[in-house]
Structures are given as structure tokens and as C-alpha cells.
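> build me a model from this:
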Amino acid sequence: MAIIGSNPVSASTSHSSFEGLFKPSLLLALVATFIAPAVTGCGGGEKRVQTFKSSGKVVKSDGSPVPHALVVLHPQSGLDTVPKPRGTTDEAGNFSLSTYETADGAPSGEFAVTIEQWIRDDPNNPPKNHLPPRLSKVESSGLKVSITAGENQLQPFEIR
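Numbering: from 1, shown residues only. The predicted structure follows:
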């Protein structure tokens, strides 16, 4: 006989109120309810729209590149369920858009564009946007782009 706390428990009578939890049918129901959706993803799979390679450049009005800027395309209609295509500029100001996977492009359609350049000037302070605030909002950026079937080389976005 084993003593747990102050209640004696017989080794031969180790049944408890949890004995029904490990029945095969219950275990199968638990797997189907909680584990299968985690492995396969909710909704049985992601529906993707076709994307087209798209790249561009962000420059200042003097032609110098804008490095480390985040470019985001916001769909103007019909693509509300698609992730927003985005890209980050390199040191030369060049970017490639990604929607589902790295550099897979963007779906065809009309988009408003926002651009932000978050840089930490001082390690003791949070990063700040080094571009005009109007560029970070769809309503005020004034930037538009059209993505078409095939490869898209976008006109450079000039920051003033």
C-alpha cells in the first residue's frame, strides 16, 4: 500500500475518475479536434491567388536610394482576403514584392502604396519613421500602382 498525502491508496485499486479518458475512441476524438487542425491548418488549406514577379525602387528627389524602407501594397478592390504584398528596400533602394513567399510577387490589380523607413537612431530610444508621415497612410500617400499578368518592373517611387 502506498501513502499519498494522508490518504492510503492500494496499488491494486489505482482506478480513478480519470480512467475513461484514455479509451481509444476518446483519444481519437481529441486528436481529431485539437491536433489535426494544428497540423493541417484551419480551414483545410489556404486558397492563394496567382502572383506575378514585381520589383521596384525607392529614391529621394535627388535620385539617391532610400535603404531599409518597407513598401506595402494595399488592394483597392476584390483582394481583401489576400495578404498585402510587401518588400523591403536594399542599400540601393531596390525591392521585390512578396505576398505568400519571398519574392513571389503580387496579384494583379490596382493598389495604393505606403512606404515607411523605421530606423533606430539611438539604442536607448525606439525606432522612428524617417519618411514623411503622409507616406505611411493609404489615404494620404498619393502613391498608386497597377500589377498586371507577367513580370512587373514598377516605376521608381520618388520621395520628396
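> show me what residue 56 is bridged to.
residue 95 (DSSP bridges).
> what of residue 153?
Per DSSP bridges, the residues bridged to residue 153 are residue 55.
> how near is it to residue 69?
18 Å (Cβ to Cβ, to the nearest Å). Yep, even glycine has a C-beta here, placed from its N, CA and C like the rest.
> with residue 61 instead?
Residue 61 is 15 Å from residue 69, by Cβ to Cβ.
> one more: residue 121?
Applying Cβ to Cβ to residue 121 and residue 69 gives a distance of 16 Å.
> which of residue 61 and residue 69 has more neighbours?
Here residue 61 and residue 69 are compared on neighbour count by other Cβ atoms under 10 Å; more neighbours surround residue 69, at 24 against 8.
> verify the assumption that residue 134 is located in a helix.
Yes - the assignment for residue 134 (DSSP: H, G, I helix; E, B strand; the rest coil) places it in a helix.
> that one touches residue 141, doesn't it?
Yes - using Cβ atoms under 8 Å, residue 134 is in contact with residue 141, at 6.3 Å.
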